[in-house]
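[1] Requesting a structural model of the entry that follows:
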Amino acid sequence: MIKVLALLLAVAAVSPAYSLDFSLDKIKAADLGVKAEGVPAPGAPAKEEAQVPQDLVYKFSQVRNEVRRLETDTTWLRSDINRLESDARRIEQGVSNPFFSSDLRRMSMDMSRRLTDLQRLAADVKNLLGLAVKDAALNQTARDIEWDARDLENRFQFDVVNAAQSLEWTVRRLDPKLVGYDAQWTASDLSRVCRDLQWKTRDLSWDARDLVSKTQP
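    So this is what the prediction gives:
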């Protein structure tokens, strides 16, 4: 009886070991029919377009509006100067005009004011050159600035400067007793300021063209 019990205990001890050996040696991954699948690579993150700061958009719009305002303000400038020259020619022919000297001074003062405005605008455009980024909306605004700046340049170069020079020559022929002793000096100063405006509009136009190039997407 004791021998039978010993034999049963021996068989019980051998059976788990044999089963473990069978599971380790006999079972393979291929027998299970498991097929490894490739892991998809993570996609590249979507590229976000850089947003143009709103304060930069505002600065561009402000400069465009100011250039356009100055361009509109000078639309009839040649006609105003020509009207003064017509008054001077009538005085030369003997027609009295007690308001000519004051009108001439007012024109000279207005032209000096426009020169100050233009110098400020030219500085603003030059400042935008250092802030400009490539953007379609900014580029369109820059094109608007360049268009009005080119109109200003052409107006002063071909119209205003010539009209002011002709006015100065006419006033110089007048008797100072008829128009005041400061009329010749005022007419000369007006002509000089117009030439300064011409050169400044040229600078503005060049910088505006550079601004268009810098903002081109």
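[2] Can you list the low-confidence ranges for this protein?
    Within the chain, the ranges that satisfy pLDDT under 70 run 1-50.
[3] residue boundaries of the helices in it?
    Secondary structure of the chain by DSSP state H: the helices cover 2-26, 54-73, 77-92, 100-131, 136-155, 161-172, 176-179, 183-215.
[4] Contacts for the third one, please.
    Outside of helix 77-92, the residues that reach it under the criterion C-beta atoms under 8 Å, 6 or more residues apart in numbering are 97, 100, 103-104, 107, 155, 159-160, 163-164, 166-167, 170-171, 173-174, 178-179. Yep, even glycine has a C-beta here, placed from its N, CA and C like the rest.
[5] Pull out the buried members of the residues you listed.
    Among these, those classed as buried by 16 or more other C-beta atoms under 10 Å are 100, 104, 107, 155, 159-160, 163-164, 167, 170-171, 174, 178-179.
[6] and the residues you listed as JSON lines, adding distance to residue 78?
    Formatted as JSON lines, the buried ones among the contacts of helix 77-92 follow (distance: C-beta to C-beta, whole Å):
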{"residue": "100", "distance to residue 78": "19"}
{"residue": "104", "distance to residue 78": "16"}
{"residue": "107", "distance to residue 78": "12"}
{"residue": "155", "distance to residue 78": "7"}
{"residue": "159", "distance to residue 78": "4"}
{"residue": "160", "distance to residue 78": "6"}
{"residue": "163", "distance to residue 78": "5"}
{"residue": "164", "distance to residue 78": "9"}
{"residue": "167", "distance to residue 78": "11"}
{"residue": "170", "distance to residue 78": "15"}
{"residue": "171", "distance to residue 78": "17"}
{"residue": "174", "distance to residue 78": "21"}
{"residue": "178", "distance to residue 78": "25"}
{"residue": "179", "distance to residue 78": "21"}
